[in-house]
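Visitor: structure for the following, please:
(2 chains)
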Amino acid sequence: RKEVEQDPGPFNVPEGATVAFNCTYSNSASQSFFWYRQDCRKEPKLLMSVYSSGNEDGRFTAQLNRASQYISLLIRDSKLSDSATYLCVVYNFNKFYFGSGTKLNVKP
Amino acid sequence: DAGVIQSPRHEVTEMGQEVTLRCKPISGHDYLFWYRQTMMRGLELLIYFNNNVPIDDSGMPEDRFSAKMPNASFSTLKIQPSEPRDSAVYFCASSPLGDEQFFGPGTRLTVL
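Guide: Sure, this is the predicted structure:
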């Protein structure tokens, strides 16, 4: 079983829609969690860290569910510029694990 | 700040040649990471350093790969000899505390 798993998508949504991605992780002792965004042929960029209590940054909300071992990313009022691949990252015991990414296409 | 700087941005070489990729982390960041990304395998952590010391190199594929960090502002990833299956985008990232990482633009390597 992979350390981190994501639905590869693509998720095709219209502008203004709300979309959510989940990411499951296998190690219950995982310590830190992040969402990164990667545009086509570009480097990954940190979108947000995921805190135990959940956190919000503008249209983006990240949540952690330790009992079910997943993190989620919610995007409200999606924009064309949100089209990208979203990578979840899990850190445990000095190791970082990247998911394979979920592709989002926001269409006009 | 200029961000993480990688060179070269593109490299095309022939099988059997030595390849050296270079990275300058963001000043003041104590952690440096090397990743490889391919369509088939996604993003893979190869090795990372803390204060110039390798902490985890379990992702380095084999002895053909080596990485060094002689000082806080420079690191190299070397492949010798290179093989076609090494073709990928190689990213360097740095981090102040080892958690949130800032990636460089990557080096696109093609081994013919």
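
Visitor: can you pull up the bridge partners for B:E11?
Guide: B:L109 (DSSP bridges).

Visitor: check what pLDDT it gets.
Guide: What the model reports as pLDDT for B:E11 is 97.

Visitor: wait, doesn't B:I47 sit right on B:W34?
Guide: Yes - using Cβ atoms under 8 Å, B:I47 is in contact with B:W34, at 5.2 Å. Where you see a C-beta, it was placed from the backbone N, CA and C, and this is true even at glycine.

Visitor: joint contacts of the two?
Guide: B:A67, B:L77 (Cβ atoms under 8 Å, 6 or more residues apart in numbering or on different chains).

Visitor: neighbour count winner among those two?
Guide: B:W34 (25 against 22; other Cβ atoms under 10 Å in any protein chain shown).

Visitor: which bits of chain B sit near chain A?
Guide: Residues of chain B found near chain A (Cβ under 8 Å from any Cβ of the partner chain) are B:33, B:35, B:42-45, B:48, B:55-56, B:58, B:91, B:99-106.

Visitor: cutoff 6 Å now
Guide: B:G42, B:L43, B:L45, B:D56, B:F91, B:D99, B:E100, B:F103, B:P105, B:G106 (Cβ under 6 Å from any Cβ of the partner chain).

Visitor: so how far is stretch A:83-91 off the chain centroid?
Guide: Taking Cα atoms, centre = their mean, to the nearest Å, the mean C-alpha location of stretch A:83-91 is offset from the chain mean by 4 Å.

Visitor: right, I mislabeled it, should have said stretch A:36-55
Guide: On Cα atoms, centre = their mean, the centre of stretch A:36-55 falls 7 Å from that of its chain.

Visitor: tell me which residues in the longest strand seen in chain A are buried?
Guide: Longest strand in chain A by number of residues (criterion: DSSP state E): strand A:84-92. By 16 or more other Cβ atoms under 10 Å in any protein chain shown, the buried positions in strand A:84-92 come out as A:A84, A:T85, A:Y86, A:L87, A:C88, A:V89, A:V90, A:N92.

Visitor: which of those sits closest to A:Q6?
Guide: Among the buried residues of strand A:84-92, A:C88 lies closest to A:Q6 (Cβ to Cβ), at 6.0 Å.

Visitor: and the closest residue to the closest one other than its chain neighbours, how many neighbours does it have?
Guide: Once flanking residues are discounted, A:C88 sits nearest to A:C23: 3.5 Å by Cβ to Cβ, 6 or more residues apart in numbering or on different chains. A:C23 has 25 neighbouring residues, counting by other Cβ under 10 Å.
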